[in-house]
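J.: Build the 3D model from these lines:
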Amino acid sequence: MSFNLAAIRRELHRTPELAFREEKTKLLILSWLRQISGIRIHEFSTNNGILVEYSRGEGPYRLFRADMDALPVSESTGCPFSSQNPGLMHACGHDVHMTVLLGLIERMAEQNVRRNLLFLFQPAEEGEGGAQSVIAEGLIQRFDVEAAFALHVASGLPVGTVSSRPGVFFGVPQEFDVQFFGKTAHAAFPAKGINALDAGRNFLSLMEKDVSDLAKQHRVIFHVGKATAGTIRNVVPNHCKLEGTHRSLDKEVSLRINELISNNASLTTKMYGAEYRVDFLVTYDPVVNSADLVEELKRACAETGTKYQKAEASLTGEDFGFFTSLYPGLLFWLGSGCAEPLHSDKFLPDEACLATGVDIFAALARR
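T.: Have a look, this model is predicted:
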């Protein structure tokens, strides 16, 4: 038996599904896994994840993880295996990640590698708490895991190249909503109302100053990507909602920005006589790479003829950080050969990167 990895990737690319809705994706993966002998398949009761157990050695396990979900993006790559689900697309390369993991499992089984290994197909990486859901179930914790590994395709990085770094690699993303509630009035009599839009503008002004001061010492991003207010042009708006994200490389800095958001929302409402509500939504732990495992990656690159390139720390969020908080971990960029940015409707990794991903994972699995 030998999987056609390109065909598998194309089938997964055609059928993207959102976080915690990966039912078809799960069935496809199970159909391929059931063709591999010598493995044990575990399913989760609270999500669509799959844990594959390969117990053929002594001692602890190495865990290899791939994410399963897609994004609410309408594809415009024009490729012959484009998404068949309108408005959905594997615009972050998770189709590649799953295919690489399947190729790794097949190779380990065919070569009868004498190691204890776990392979995790994880749902809901895209901001919905998939890693937390998997960890909360406690299935993985039944095994003695010595290290956890993951890869992520990178735009702008050539096929045959991987990139990583020791220490903090991916940062701490925090999504938030801030709402202000005022009082309607006719635009001709603004004093009779409480302008929630003005409150929102004031809040943003306060945050921009405070974050600018914080950025003098720390690498941070504060961004509001969506703002809604009012219903009619000649009425004082009684509601304003700001939806945003902030990013940092340290959990303490992230918590400090949360504190600034709450304090400035409270201060603004006192100034305007409004009311407010702050909701902190999805956040991840930072991805912290083990220095020893980065050295292993470099040796794996030398063994496989892959170019290693040192990466800069990224303010990208990745819920693999929850695994690096539990175990020594390694995440690395896999060159995709595609110049389009991640999450773009034109992002389409070169299939040649599949072989590189399997080769590097296999070298790490054998150690």
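J.: And the helices in the chain, which stretches?
T.: If DSSP state H is used as the criterion, the helices of the chain fall at 5-14, 23-33, 94-110, 130-137, 196-214, 251-272, 291-304, 321-326, 353-365.
J.: so can I have a markdown table of the ones you listed showing distance to Leu88, mean neighbour count and mean pLDDT?
T.: In short, each C-beta sits where N, CA and C put it, glycine included. What follows is the helices of the chain, written out as a markdown table (distance: least, CB to CB, whole Å; neighbours: other CB atoms under 10 Å; pLDDT from 0 to 100):
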| stretch | distance to Leu88 | mean neighbour count | mean pLDDT |
| --- | --- | --- | --- |
| helix 5-14 | 11 | 19 | 98 |
| helix 23-33 | 11 | 16 | 98 |
| helix 94-110 | 12 | 24 | 98 |
| helix 130-137 | 16 | 20 | 96 |
| helix 196-214 | 32 | 19 | 98 |
| helix 251-272 | 30 | 17 | 97 |
| helix 291-304 | 32 | 16 | 98 |
| helix 321-326 | 25 | 21 | 97 |
| helix 353-365 | 22 | 22 | 98 |
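J.: May I see those helices arranged in TSV, with distance to Gly160 as well?
T.: Listed next are these as TSV, based on distance: least, CB to CB, whole Å:
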stretch	distance to Gly160
helix 5-14	16
helix 23-33	26
helix 94-110	14
helix 130-137	29
helix 196-214	39
helix 251-272	35
helix 291-304	9
helix 321-326	26
helix 353-365	6
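J.: how is this structure carved up into domains?
T.: As given by automatic domain parsing, the domain ranges for the chain are 5-170+286-365, 172-283.
J.: what about the helices of the chain, which gets the closest to Thr46?
T.: helix 130-137 (5.8 Å; CB to CB).
J.: elements contacting the closest one?
T.: Applying 3 or more CB pairs under 8 Å, 6 or more residues apart in numbering; DSSP states H and E, one finds that helix 130-137 contacts strand 116-122, helix 321-326.
J.: and the last one, what does it pack onto?
T.: Contact analysis of helix 321-326 by 3+ CB pairs under 8 Å, 6+ apart lists helix 130-137, strand 145-154, strand 287-289 as its packing neighbours.
J.: Outside of that helix itself, list whatever touches it.
T.: 63, 65, 131-132, 135, 145, 148, 150, 170, 172, 284-290, 329, 331 (CB atoms under 8 Å, 6 or more residues apart in numbering).
J.: Off-centre distance for it?
T.: Per CA atoms, centre = their mean, to the nearest Å, the displacement of helix 321-326 from the mean C-alpha position of its chain is 13 Å.
J.: Could you do stretch 96-114 as well?
T.: 22 Å.
J.: Kindly report the same for stretch 27-41.
T.: With CA atoms, centre = their mean, you get 25 Å for stretch 27-41.
J.: now stretch 248-257
T.: Stretch 248-257 has its C-alpha centroid displaced from the chain centroid by 18 Å (CA atoms, centre = their mean).
J.: Who are the contact partners of Ile8?
T.: Counting by CB under 8 Å, 6+ apart, Ile8 touches 32, 99, 102.
J.: Next, format those as CSV and append distance to Arg9.
T.: Shown next, in CSV, are the contacts of Ile8 (distance: CB to CB, whole Å):
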residue, distance to Arg9
Trp32, 12
Thr99, 4
Leu102, 9
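J.: Could you report the separation of the nearest residue to Glu208 once chain neighbours are set aside from Lys241?
T.: Of all residues not flanking Glu208 in the chain, Phe222 sits nearest, at 7.5 Å (CB to CB, 6 or more residues apart in numbering). For Phe222, the distance to Lys241 equals 17 Å [CB to CB, to the nearest Å].
J.: These two - which one has more neighbours?
T.: Between Phe222 and Lys241, counting by other CB atoms under 10 Å, Phe222 is the more crowded of the two (22 against 16).
J.: was I right about the more buried one contacting Met207?
T.: Yes: using CB atoms under 8 Å, Phe222 is in contact with Met207, at 6.1 Å.
J.: Mind listing the shared neighbours of those two?
T.: In terms of CB under 8 Å, 6+ apart, Phe222 and Met207 are not both contacted by any residue.
J.: Contacts only, for Ala150.
T.: Residues in contact with Ala150, defined by CB under 8 Å, 6+ apart, are 64-66, 97, 318, 320, 323, 329-331.
J.: Only the buried members of those: can you turn that into a ChimeraX selection?
T.: One line in ChimeraX is enough to select the buried ones among the contacts of Ala150; burial here means 16 or more other CB atoms under 10 Å:
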select :64,65,66,97,318,320,323,329,330,331
